[in-house]
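Trainee: pasting the sequence and the predicted model now:
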There are 2 protein chains.
Amino acid sequence: MLIKIDIYAEKPIYEQLYDGIIIGIASGQLKAGESLPSARNLAADLGISFHTVNKSYDILRSRGYIIMNRRKTAMIAVKTPQDIPEILSEKLALCVAEAICNGIDESTLTKACSDNYRKIKGGFIE
Amino acid sequence: MLIKIDIYAEKPIYEQLYDGIIIGIASGQLKAGESLPSARNLAADLGISFHTVNKSYDILRSRGYIIMNRRKTAMIAVKTPQDIPEILSEKLALCVAEAICNGIDESTLTKACSDNYRKIKGGFIE
DNA sequence: CATCTGATATACTTATTATATATCAGATGT
DNA sequence: ACATCTGATATATAATAAGTATATCAGATG
C-alpha cells in the first residue's frame, strides 16, 4: 500500500497518514488481521518522524481501527458492524450541510455517497 | 441564529464559526440575500477577536457561500445548483471510507445521509 | 461629515505540529 | 541467554498555526 505525504500541504502529516490508512482499510488494501509496518520503519520510509507516525497510530487505535497489544506490530482491527460513531456522524452532518449550501439535491448527494462507497470498497482509488 | 463557540474545543474557533454558518445556511436560519452581522459585532458578541471572524468570513467568501462586495456587510450568497466542489468531495470520500471501516453497509450510510439531509434542511438541528 | 464596513499591516502570545534523542519493558527470533 | 525488535513515554527544541490587540485605510452609509 502506498501512502503519499505532502509536507507542504495544509493538512497535518499525522492526519494525512490517518486518512491514508483509513482509505487503505476501506479499500481492502489493508485487510483485517494484517500487520502494519512498525512505526519506526514507516517513519523511515515516509521520511518523517517516528513520533508523527506514533500519533496517527494512537488516534487510529483510540477509535478502534487498529490494535496495538502487547508491543506487537500494529494490526488492522476486525470491526463488527455497529452504529456510526459520534465523531463520524458530525463529520457527515457537516458534509451534508455544505452540500445543501451548494444547492445539491438529496438524490444527487446520496448518489455521490453510493458511488464513493462502491468506488472505495471496490478498491478503485488513486 | 445562535452559534456556540467553545474556546476549549480542539477544533479551531474560526472552523467552529465556519461550520456554524454553514449549518445556519443549510438549515434556512440564514437565508440567501440575508445580511450577516458585521465581523466586529459578531466578534464582540462571541467574545472573540475580530480577526478570527474575518478569517472565517474570508474562507466562506472564497468558497462562494457569502458575498462581501463594496464594503457592505457580508451577505449570504445565492448559489445555483452545481457539481459537488472538490474540497467537499474529498471530505465526503473520507467520511465514506471511515464508515466502511466501521462495517457500515451502503444502505445504512445512504440512509444516514438522507436523514441528515432532511433533518438539516428541515431546520431540526440543535 | 461622522460612522460604519471589510481589507490590511504589525506585533505579540499561545497552542499545535513536527522533529530529535533517549530510556523503558515486553515480545520475538536466534 | 541474548541481541533486537516493538510501542510507550519523557524531554527538549524549532517551526508553523491560531488567536488576540491596535491601528490605519478607503469605500459605503445615513
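Mentor: Structure's in. What do you need? The shown structure was predicted, so the numbers you read here are calculated from the model rather than taken from an experiment. Numbers count the residues shown, from 1 in each chain, chains lettered A, B, ... in the order given.
Trainee: contacts and neighbour counts: CA atoms only from here.
Mentor: Will do.
Trainee: the bottom helix or strand of chain A by mean pLDDT?
Mentor: strand A:75-76 (a mean of 88; mean pLDDT, DSSP states H and E).
Trainee: could you export whichever helix or strand comes after that one as PDB, CA atoms only?
Mentor: Where DSSP states H and E defines the elements, the next helix or strand beyond strand A:75-76 is helix A:86-101. Provided in PDB are the C-alpha atoms of helix A:86-101 (Å, rounded to 0.1, in the frame of the first residue of the first chain):
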ATOM      1  CA  GLU A  86     -20.300  10.200  17.000                       C
ATOM      2  CA  ILE A  87     -17.200  11.800  15.500                       C
ATOM      3  CA  LEU A  88     -18.000  10.400  12.100                       C
ATOM      4  CA  SER A  89     -21.600  11.400  12.400                       C
ATOM      5  CA  GLU A  90     -20.600  15.000  13.000                       C
ATOM      6  CA  LYS A  91     -18.300  15.000  10.000                       C
ATOM      7  CA  LEU A  92     -21.000  13.500   7.800                       C
ATOM      8  CA  ALA A  93     -23.600  16.100   9.000                       C
ATOM      9  CA  LEU A  94     -21.200  18.900   8.100                       C
ATOM     10  CA  CYS A  95     -20.700  17.400   4.600                       C
ATOM     11  CA  VAL A  96     -24.400  17.200   4.100                       C
ATOM     12  CA  ALA A  97     -24.900  20.800   5.300                       C
ATOM     13  CA  GLU A  98     -22.200  22.100   3.000                       C
ATOM     14  CA  ALA A  99     -23.800  20.100   0.100                       C
ATOM     15  CA  ILE A 100     -27.100  21.800   0.800                       C
ATOM     16  CA  CYS A 101     -25.400  25.100   0.700                       C
END
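Trainee: what comes up buried for helix A:86-101?
Mentor: Residues of helix A:86-101 classed as buried by neighbour count (16 or more other CA atoms under 10 Å in any protein chain shown): A:88, A:89, A:92, A:93, A:94, A:95, A:96, A:97, A:98, A:99, A:100, A:101.
Trainee: quick check on the residue of chain A most remote from its centre: phi, psi?
Mentor: The C-alpha centroid of chain A is most remote from residue A:103, which lies 27.9 Å away (CA atoms, centre = their mean). Backbone geometry at residue A:103, expressed as degrees, to the nearest 10, gives phi 80, psi 10.
Trainee: shaky segments in chain A?
Mentor: A:1, A:70-71, A:126 (pLDDT under 70).
Trainee: repeat the analysis, applying 80 as the threshold.
Mentor: Applying pLDDT under 80 to chain A flags the ranges A:1-2, A:69-72, A:81-82, A:124-126.
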